[in-house]
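1. pasting a predicted model and its sequence here:
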Amino acid sequence: MSEIDTQETSPIARLLETWSHLTAEEKLQTFRSLPAGESEDFFLALDAREHAALFQDFNRAERRLWLRFLAPDDAADLIQELPEELRGEALAMIDEKIRREIIALLSYREDEAGGLMSPRFVRVRPDMLVAEALRYVRQQALFVDPIHYIYVLDSNQRLLGVLSLRQLFVSPAEKRMSEVMEDKVVTIPDEMDQEQVGRMFQQHRFVALPVVDREGLMQGIVTLDDILDVSQEEATEDIQKLGGQEALDAPYPQVPLPEMIKKRAGWLMLLFVGEMFTATAMQQFEGEIEKAVVLALFIPLIISSGGNSGSQATTLIIRSLALRELRLSDWRRVMGREILTGVSLGGILAAIGMVRILLWPNRATAYTEHYALVALTVGLSLIGVVLFGSVVGAMLPFLLRSLKLDPASASAPFVATLVDVTGLVIYFSVARMLLTGTLL
């Protein structure tokens, strides 16, 4: 059986799958029932939010035990999730040396590189021999986990160079670290946003990157597993915003009902107000609808096509901006591309719609004797609406990014609502041009 299969069928993996469905009391009882060894592995597998939830239910002895069990960066994440009144108590349970490390981490926002980093890493002096460094690394392996790279620092903790474990092992024992290190080091500013940190890892393909402050002094390291968690968090936030709501602060089952309503109500009210303008637009064309009731049959078809094309475009552009496939300066190229795409897609839908009307068995009865003009009206309207939806859906994320706002706020429901109103105006404007003197 492969290692993956073993992990999937292990008790810890099964418990992780069902953990979110347990009540707080059941979680505490289940955790306390885990045998030694499994409880440690399971506790490490939980995220900071779950650590904090368990911490609040633990007795004092358990709080001290499990808080000290965590690495400083994980302990800092736990403390950040605690209510204000418990943070001081938690810090008081930790040894002085580790407490200073945690307080330093807590000075950063949790979405900054400094809030993600671990202050524990293997550091050596530039004048140290390779043989000495090897012995030192063996000693540090008891306290630093994982060890990917060896960092060479001067007496002021300024980062001078780096080398991998492999480079250290194959280097001549009599060489000094300053002779075998790589002095061109990719570093992360301690105040860099976590999303930018993720892009740094994607660009350079390292498993760990050093974090430095403004003076170039090394503060810690961010590892790839930290970034994987961040990437999942960022992707989840963007997907939730694309659905037309505020991002949730916790997994869906753990969000209290009042908070869930609050997160979703704001966008729904905004979208509802937007849809009111659709009714206003229809009132402006009330006379046309009364004269040619047949036009009302195609309103859902027209506006939904525009909304769908806009939703497609905005989703594609938001993702491309997030992946840095597109920059703000690319907006003209994107607009030109979407104009061609919108006309093409609108033409395809127009052809389908016109064929549907022209070949319908009782077309003269269903769509009046002017069914050919009705078909042309629907066809041209579809081209116009799909074109408008594609362009607006593509340009809105660029506009938000230029205003320093999150492009994900240009959610698909928001774009669809915007296109609904303009779709009606386009449809009835085309109808006025083509049907005046016949149906109108």
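-> Okay, I see it. This structure is a prediction, so every number in the text was calculated from the model and none was measured. Numbers count the residues shown, from 1 in each chain.
2. what about residue 256, distance to residue 262?
-> Distance from residue 256 to residue 262, counting by C-beta to C-beta, to the nearest Å: 9 Å. (C-beta placed from N, C-alpha, C; glycine too.)
3. okay, those two: which has more neighbours?
-> Taking other C-beta atoms under 10 Å, residue 256 and residue 262 do not tie; residue 262 has more neighbours (12 against 9).
4. contacting residues for the more buried one?
-> When the contact criterion is C-beta atoms under 8 Å, 6 or more residues apart in numbering, residue 262 has no partners at all.
5. hang on, it is in a helix, isn't it?
-> Yes: the assignment for residue 262 (DSSP: H, G, I helix; E, B strand; the rest coil) places it in a helix.
6. so how many other residues sit close to the closest residue to residue 49 other than its chain neighbours?
-> Nearest in space to residue 49, with sequence neighbours left out and distances taken as C-beta to C-beta, 6 or more residues apart in numbering, is residue 81 at 5.4 Å. For residue 81, the neighbour count with other C-beta under 10 Å is 19.
7. got the buried residues for stretch 338-353?
-> By 16 or more other C-beta atoms under 10 Å, the buried positions in stretch 338-353 come out as 338, 341, 342, 343, 345, 346, 349, 350, 353.
8. point out where this protein drops to low pLDDT.
-> Along the chain, the parts satisfying pLDDT under 70 run over 1-9, 242-245, 252-253, 409-411, 439-440.
9. distance between stretch 41-58 and the chain's centre?
-> Stretch 41-58 has its C-alpha centroid displaced from the chain centroid by 23 Å (C-alpha atoms, centre = their mean, to the nearest Å).
10. domains of this structure?
-> 3-110, 122-241, 252-435 (automatic domain parsing).
11. closest to residue 116 out of those domains?
-> Smallest distance to residue 116 across the domains of the chain (C-beta to C-beta): 5.0 Å, for domain 122-241.
12. relative to residue 342, how far out is residue 430?
-> As judged by C-beta to C-beta, residue 430 and residue 342 stand 16 Å apart.
13. please disregard the earlier target; I meant residue 272.
-> Separation of residue 272 from residue 342 (C-beta to C-beta) stands at 27 Å.
14. give me the element the residue lying closest to residue 316 once chain neighbours are set aside is part of.
-> In this structure, residue 316 finds its nearest non-sequential neighbour in residue 394, 7.7 Å apart by C-beta to C-beta, 6+ apart. Using DSSP states H and E, residue 394 falls within helix 371-402.
15. picking up where we left off before, narrow the buried residues of stretch 338-353 to those in helices?
-> Among the buried residues of stretch 338-353, the residues falling in helices (DSSP state H) are 338, 341, 342, 343, 345, 346, 349, 350, 353.
16. could you dump these to CSV with distance to residue 109?
-> Formatted as CSV, these follow (distance: C-beta to C-beta, whole Å):
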residue, distance to residue 109
338, 36
341, 40
342, 41
343, 46
345, 43
346, 46
349, 47
350, 51
353, 52
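17. what ranges does the stretch 101-250 of the chain have for its strands?
-> Counting by DSSP state E, counting those that start in this stretch, the segments of the stretch 101-250 of the chain that form strands are 122-124, 149-153, 159-164, 188-189, 208-212, 218-223.
18. continuing past the helix holding residue 394, what's the next helix or strand?
-> Scanning forward in sequence from helix 371-402 by DSSP H and E, the next helix or strand is helix 412-435.
19. gap between that following helix and the chain center?
-> On C-alpha atoms, centre = their mean, the centre of helix 412-435 falls 32 Å from the chain's centre.
20. dihedrals phi and psi, residue 120?
-> Note on residue 120: backbone dihedrals following degrees, to the nearest 10 are phi -100, psi 120.
21. what about residue 29, how many neighbours?
-> Counted with other C-beta under 10 Å, residue 29 comes out at 12.
22. how about residue 137?
-> Using other C-beta under 10 Å, the number of residues around residue 137 comes to 17.
23. and the helix or strand residue 14 falls within, what other elements does it pack with?
-> Using DSSP H and E, residue 14 sits in helix 11-19. Applying 3 or more C-beta pairs under 8 Å, 6 or more residues apart in numbering; DSSP states H and E, one finds that helix 11-19 contacts helix 38-45.
24. what angle do whatever helix or strand comes next after the helix it packs on and helix 38-45 make?
-> Per DSSP H and E, the first helix or strand lying C-terminal to helix 38-45 is helix 48-57. With axes from the mean of the first three to the mean of the last three C-alpha atoms, to 10 degrees defining the directions, helix 48-57 sits at 130 degrees from helix 38-45.
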